[in-house]
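Q: Build the 3D model from these lines:
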Amino acid sequence: QVQLVESGGGLVQAGGSLRLSCAASGRTFSRYTIGWFRQAPGKEREFVAAISSSGTDTYYTSSVKGRFTISRDNAKDTVYLQMNSLKPEDTAVYYCAADRRVGGFSPNLREYDYWGQGTQVTVSS
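A: Now for the predicted structure:
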């Protein structure tokens, strides 16, 4: 069992930056692919980025490539999402999730087994 807690959300002007953190409890955190997803009001939850268990592989949705960076520190059981050049369309609740499949690395939210409670990101124009 893994428990995930997101933090770092807030209100920022367009063009600004935020860094989200996803802190995990549980001894097996370093084995899991971790993904970030977001859900805007009235929309479905969508994939944002993922990082492999070792941190060597990353994957981004096209709309955030070049602006967002996902990273992890397995010694601290934490994954980060650095978000730069934020746009109003980035406004959403951001969730981190863990995929416990060995070698799993997917943008499909159905592949993820554990979810955090989310953190709100609001970008004003």
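Q: Please count neighbours and contacts with C-alpha atoms only from this point.
A: Will do.
Q: what bridges to the residue nearest the centre of the chain?
A: Nearest to the mean C-alpha position of the chain, by Cα atoms, centre = their mean, lies residue 36 at 2.3 Å. Residue 36 forms beta bridges with residue 49, residue 96, as assigned by DSSP bridges.
Q: Am I right that it is in contact with residue 47?
A: Yes - using Cα atoms under 8 Å, residue 36 is in contact with residue 47, at 6.4 Å.
Q: that older thread, look up how far residue 125 lies from the residue nearest to the centre of the chain.
A: For residue 36, the distance to residue 125 (Cα to Cα, to the nearest Å) stands at 23 Å.
Q: Now do the same contact list for residue 120.
A: Residue 120 sits next to 9-10, 91-94 when contact means Cα atoms under 8 Å, 6 or more residues apart in numbering.
Q: Show me what counts as buried in stretch 72-86.
A: Across stretch 72-86, burial judged by 16 or more other Cα atoms under 10 Å covers 72, 74, 77-84, 86.
Q: Repeat that for stretch 47-55.
A: 47-53, 55.
Q: what about that stretch, average pLDDT?
A: Taken as a whole, stretch 47-55 has an average pLDDT of 95.
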